[in-house]
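J.: Here is the input, now give the coordinates:
(chains A and B)
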Amino acid sequence: GENVEQHPSTLSVQEGDSAVIKCTYSDSASNYFPWYKQELGKRPQLIIDIRSNVGEKKDQRIAVTLNKTAKHFSLHITETQPEDSAVYFCAASKAGSARQLTFGSGTQLTVLP
Amino acid sequence: EAQVTQNPRYLITVTGKKLTVTCSQNMNHEYMSWYRQDPGLGLRQIYYSMNVEVTDKGDVPEGYKVSRKEKRNFPLILESPSPNQTSLYFCASSRSRALGDRGPGANVLTFGAGSRLTVL
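T.: Numbering: from 1, shown residues only, chains lettered A, B, ... in the order given. Got it, this is the predicted structure:
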């Protein structure tokens, strides 16, 4: 089955700096890659996703890049703010379906004021 | 309000005492799933359901049962809980059930608030 590895497990950045979280996946058939954000004590919520027919997607301060050849994808957060502090999960799935969504182990991002 | 509702939110129980965590969604979603969240392990899928009466195992199904008798409900059953099932459990749903459904928001998972279970 699919295996998703996520790094780093913890990340601290100064407010205003950029943060990058990286994930690799094992199944070349995977073609849907969402990122979920989980604030302390809250439920995970989708922040951005990308399909394998595109290499990059942006939404304001967040962006995701995908390298299908290398089987890795990354989340980029620019101009970080304290409210960006949360656990971020990457995930991978086949055929555009959430049926077998495999999550990474999560990254605790702390934005220092 | 569109939501996924889980109950109970917190539960402390003892080994072997059967328990059920309920999950209900009001969005007419086809797909529902259960995950457990443990430190350093992320979210691991327990069971999922593509439609009424259609369920399948995820990555960590041992010790759990599910049923999908109605579209809106997807209860998680622990027949004989053990301490290694102490965890934070999330139910989630999404509109998509068909492979390759690329409609807007089709694959977005809506999570419940979580149920923290402690088995002594």
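
J.: neighbours around the residue nearest to B:Tyr64 when sequence neighbours are not counted, how many?
T.: Nearest non-adjacent residue to B:Tyr64, counting by CB to CB, 6 or more residues apart in numbering or on different chains: B:Ile46, 5.2 Å away. Heads up, the C-betas are built off the backbone N, CA and C, glycines and all. B:Ile46: 24 surrounding residues under other CB atoms under 10 Å in any protein chain shown.

J.: Quick check: which element contains the residue nearest to B:Ser80 when sequence neighbours are not counted?
T.: In this structure, B:Ser80 finds its nearest non-sequential neighbour in B:Gly16, 5.0 Å apart by CB to CB, 6+ apart. Following DSSP states H and E, one finds B:Gly16 outside all helices and strands.

J.: wouldn't B:Gly16 be in contact with B:Pro83 here?
T.: No - the criterion here is CB atoms under 8 Å, and B:Gly16 misses it with B:Pro83 at 10.8 Å.

J.: returning to that earlier point: I'd like the distance between the residue nearest to B:Ser80 and B:Asn84.
T.: Per CB to CB, to the nearest Å, B:Gly16 is found 13 Å from B:Asn84.

J.: Run through the bridge partners of B:Ser49.
T.: Using DSSP bridges, the bridge partners assigned to B:Ser49 are B:Met32, B:Thr55.

J.: residues in contact with it?
T.: B:Tyr31, B:Met32, B:Ser33, B:Thr55, B:Asp56, B:Val66, B:Arg68, B:Phe74 (CB atoms under 8 Å, 6 or more residues apart in numbering or on different chains).

J.: and if we set it to 7 Å?
T.: B:Tyr31, B:Met32, B:Thr55, B:Val66, B:Arg68, B:Phe74 (CB atoms under 7 Å, 6 or more residues apart in numbering or on different chains).

J.: same deal with B:Thr86?
T.: B:Leu117, B:Thr118, B:Val119.

J.: show me the contacts for the residue nearest to B:Tyr64.
T.: By CB under 7 Å, 6+ apart, the neighbours of B:Ile46 are B:Trp34, B:Tyr35, B:Arg36, B:Gly58, B:Val60, B:Pro61, B:Tyr64, B:Leu76.

J.: was I right about the second one contacting B:Gly42?
T.: No - counting by CB atoms under 7 Å, B:Tyr35 stays clear of B:Gly42, with 8.9 Å between them.

J.: More neighbours: those two, which one.
T.: Higher neighbour count among B:Tyr35 and B:Gly42: B:Tyr35, with 27 against 21, using other CB under 10 Å.

J.: Could you check how far the more buried one is from chain A?
T.: For B:Tyr35, the distance to chain A equals 8 Å [CB to the nearest CB, to the nearest Å].

J.: Then B:Pro81?
T.: For B:Pro81 relative to chain A (CB to the nearest CB), the value is 23 Å.
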